[in-house]
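**Student:** this one's structure only:
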């Protein structure tokens, strides 16, 4: 799974790995203290056979798993020593209904892949299962996630200390590691795809995206991918000779930059999406080395989303750097609690589905660059609950959901909506 490396607030680097598909983003919150069946000339050959193979190996959640909510595990989590960043994310994952059903039913056990060197031998997945089981049995109270924290510290020493850390980095680690623990090995008889997609450059975006995704699934099939993963298409174009380079990259978390402005400005989620997707010019230190010009040149970079996931995770990049100076952007970003309509951002004309999402979780950060506190607001059983470590309370006013503290947003896609029914349901564009 390909990870975008991200420099942390104190210069730490989240190392990229060509084997992982989680897009780790530089948000800056500080820790305190498919298929080789095709040839380059005919890249689409064999895709029908590959699709038939994945009919049996991919994991599809039913529409009802996304559209229904239940009151599973409304339970606090004890702070084990600056572990509020973990508690905040765990509460949002506990509110992800299809993920909880997958674990609570025990279905995940059939997919454990202890031989995958990129996973934990299933240790983290089992510890997570035990934790959500404890939370389900302890509704109305709180639990101390002692076993989970011990396993986490053993598998990921970067989270073993009692220092405050970045909730987004913890979310990235959880999703990536659960994926690796539960990743299915490539089906027998299917050749491994090429390591790059250079042969897709001449294809239209829809065809290229489809082939790139099917190739990716050959080595990365898991329930986590089915649920959380999307795809973006990036194109670089040399402003000297016109040479282009196209890449298709999976993502699990979409990092949304906030527009420039004064501290009092109120931004919309739409503005943040525009910032993420806007065409930019790469020059100077960011110049692109054009393979045709054989030199570093100014280039135009454009990005489009070619696959939206079923569960959409958005991170508001509230932490910025100007030289040696670090800053948290505390502006309010207005985001919809219901009916986030992303149809205007569907990059491929062949995508006839409707992309309307509802919010079900928010991970909040209060404080500044050198510390603070994390909480969560999660929808359980059609009621919003506020989680502050072991303390749980009802959240009756939706104005308490959309605040300047919002950091990670958890959306779930509505199922079975056509364009007409989405309009009749009042789905608004952001």
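**Tutor:** Thanks, I have the structure now. It should be emphasised that the depicted structure is a prediction, and the values quoted were computed from it without experimental measurement.
**Student:** least confident secondary structure element in this structure?
**Tutor:** strand 13-14 (a mean of 28; mean pLDDT, DSSP states H and E).
**Student:** sheet partners, orientation included, of the lengthiest strand in the chain?
**Tutor:** Of all segments of type strand in the chain, defined using DSSP state E, the longest is strand 356-368. With DSSP bridges as the test, strand 356-368 is paired with strand 340-341 (antiparallel), strand 371-380 (antiparallel), strand 406-413 (antiparallel).
**Student:** which stretches of the stretch 251-400 of the chain form helices?
**Tutor:** Assigned by DSSP state H, counting those that start in this stretch, the stretch 251-400 of the chain shows helices spanning 269-277.
**Student:** before we move on, back to that, just how off-centre is the longest strand of the chain within its chain?
**Tutor:** Centroid displacement of strand 356-368 relative to its chain, using Cα atoms, centre = their mean, to the nearest Å, is 13 Å.
**Student:** in that strand, which residues are buried?
**Tutor:** Across strand 356-368, burial judged by 16 or more other Cβ atoms under 10 Å covers 356-365, 367. For glycine as for every other residue, the C-beta is placed from the backbone atoms N, C-alpha and C.
**Student:** and of those residues, the nearest to residue 383?
**Tutor:** Relative to residue 383, the closest of those is residue 360; by Cβ to Cβ it sits at 11.5 Å.
**Student:** now that closest one: closest residue in space, sequence neighbours ignored.
**Tutor:** residue 379 (4.5 Å; Cβ to Cβ, 6 or more residues apart in numbering).
**Student:** list the contacts of that neighbour.
**Tutor:** 69, 95, 359-361, 385 (Cβ atoms under 8 Å, 6 or more residues apart in numbering).
**Student:** out of those, what pair is the most spread apart?
**Tutor:** 359 and 385, at 13.5 Å, using Cβ to Cβ across the contacts of residue 379.
**Student:** which members of the buried residues of strand 356-368 are the farthest-apart pair?
**Tutor:** 356 and 367 (33.6 Å).
**Student:** contact partners for residue 174?
**Tutor:** By Cβ under 8 Å, 6+ apart, the contact list for residue 174 reads 89, 93, 124, 128.
**Student:** of all the strands paired with strand 356-368, which lies closest to residue 264?
**Tutor:** strand 406-413 (17.1 Å).
**Student:** what's the closest one in contact with?
**Tutor:** So strand 406-413 is in contact with 27, 29, 66, 89, 92, 95-97, 167-168, 171, 253, 308-316, 318, 333, 335, 340, 355-365, going by Cβ under 8 Å, 6+ apart.
**Student:** got the angle between that strand and helix 269-277?
**Tutor:** 90 degrees (axes from the mean of the first three to the mean of the last three Cα atoms, to 10 degrees).
**Student:** what about strand 406-413, average pLDDT?
**Tutor:** The pLDDT scores in strand 406-413 average 97.
**Student:** tell me which residues of that strand come out buried.
**Tutor:** Result for strand 406-413 [16+ other Cβ under 10 Å]: buried residues 406-413.
**Student:** tell me how many other residues surround residue 182.
**Tutor:** By the criterion of other Cβ atoms under 10 Å, residue 182 has 26 neighbours.
**Student:** any idea how far it is from residue 120?
**Tutor:** According to Cβ to Cβ, to the nearest Å, residue 182 and residue 120 sit 11 Å apart.
**Student:** residue 276 contacts residue 253, doesn't it?
**Tutor:** No: Residue 276 is beyond contact range of residue 253, at 11.8 Å (criterion: Cβ atoms under 8 Å).
**Student:** so the two - more neighbours on which side?
**Tutor:** residue 253 (23 against 17).
**Student:** so what's that one bridging to?
**Tutor:** What pairs with residue 253, by the bridge criterion (DSSP bridges), is residue 313.
**Student:** skipping its backbone neighbours, what lies nearest residue 155 in space?
**Tutor:** residue 120 (4.4 Å).
**Student:** which element is the one you found on?
**Tutor:** For residue 120, there is no enclosing helix or strand under DSSP states H and E.
**Student:** what is the burial count for it?
**Tutor:** 20.
**Student:** likewise residue 326?
**Tutor:** 16.
**Student:** ok, it to residue 408 distance?
**Tutor:** Taken as Cβ to Cβ, the span from residue 326 to residue 408 is 20 Å.
**Student:** same question, residue 126
**Tutor:** For residue 126, the distance to residue 408 - Cβ to Cβ - is 25 Å.
**Student:** what residue ranges in the stretch 301-430 of the chain score low on pLDDT?
**Tutor:** 347-352, 416-430 (pLDDT under 70).
**Student:** ok, now with 90
**Tutor:** 319-330, 343-354, 367-372, 381-382, 396-399, 415-430 (pLDDT under 90).
**Student:** can you show me the strands along it?
**Tutor:** All strands of the stretch 301-430 of the chain, identified by DSSP state E, counting those that start in this stretch, fall at 311-317, 319-322, 325-328, 333-334, 340-341, 356-368, 371-380, 383-388, 391-394, 406-413.
**Student:** ok, the stretch 51-200 of the chain next?
**Tutor:** 76-77, 142-143.
**Student:** ok, and which of these has the densest surroundings?
**Tutor:** strand 76-77 (a mean of 26; mean count of other Cβ atoms under 10 Å).
**Student:** ok, residue 312 - contacts?
**Tutor:** Counted by Cβ under 8 Å, 6+ apart, residue 312 has contacts 230, 254, 357, 410-413.
**Student:** try 7 Å this time
**Tutor:** 357, 411, 413 (Cβ atoms under 7 Å, 6 or more residues apart in numbering).
**Student:** go on, residue 257?
**Tutor:** Neighbouring residues of residue 257 by Cβ under 7 Å, 6+ apart: 272, 275-276, 317.
**Student:** which one of the residues you listed sits in the busiest neighbourhood?
**Tutor:** Busiest of the contacts of residue 257 [other Cβ under 10 Å] is residue 272, holding 22 neighbours.
**Student:** what's the distance between the spatially closest residue to it that is not a sequence neighbour and residue 409?
**Tutor:** Excluding its sequence neighbours, the residue lying closest to residue 272 (Cβ to Cβ, 6+ apart) is residue 256, at 3.9 Å. Distance from residue 256 to residue 409, counting by Cβ to Cβ: 9 Å.
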